[in-house]
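In: no FASTA, just this:
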């Protein structure tokens, strides 16, 4: 997919594969700075999913049963290279958004959540150094 086809208000995903699980951070695109190839995104939720890969056509309700959720609706926005984002598929986003909106957002900022996001971004930078080069 051409990452420059992302649009404001679109839901996107950042993914990291670890040895025994995958981490996916879902966010809403706020703005694209095409000249600098940067995406300003507002995090919604981070999922830690057991297993090394999610097969195409998987039932997302099954994936969500086993996933650890972190509500990021009160997290700081992200400014990251557009190339790291992919458009989120309706089949994966609808169950996530449904469950997310069924829960009450955090009342105050949680330091642990901020550490999780910071750690995820650091791992993303290490995994994709070419995305941050000139």
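Out: Yep, that arrived. Everything quoted here is computed from the prediction, not taken from an experiment.
In: in the protein, what helix or strand scores lowest on average pLDDT?
Out: helix 60-66 (a mean of 71; mean pLDDT, DSSP states H and E).
In: I'd like the next helix or strand past it.
Out: Next along the chain after helix 60-66, taking DSSP states H and E as the criterion, comes strand 68-71.
In: list the buried residues of that next one.
Out: Across strand 68-71, burial judged by 16 or more other C-beta atoms under 10 Å covers 70-71. Glycine gets a C-beta too; all of them are placed from N, C-alpha and C.
In: could you pick out the longest helix of this structure?
Out: In the chain, with assignment by DSSP state H, the single longest helix is helix 111-127.
In: determine the set of other helices and strands touching it.
Out: strand 11-17, strand 21-33, strand 38-50, strand 68-71, strand 78-81 (3 or more C-beta pairs under 8 Å, 6 or more residues apart in numbering; DSSP states H and E).
In: so where's this protein uncertain?
Out: Applying pLDDT under 70 to the chain flags residues 1-4, 52-61, 105-109, 134.
In: need the contact partners of the least confident helix or strand of the chain.
Out: Outside helix 60-66, the residues that touch it by C-beta atoms under 8 Å, 6 or more residues apart in numbering are 47, 49-50, 54, 91-92, 95-96, 99.
In: distance check, residue 122 against residue 74.
Out: Counting by C-beta to C-beta, to the nearest Å, the gap from residue 122 to residue 74 is 20 Å.
In: alright, calling it a day.
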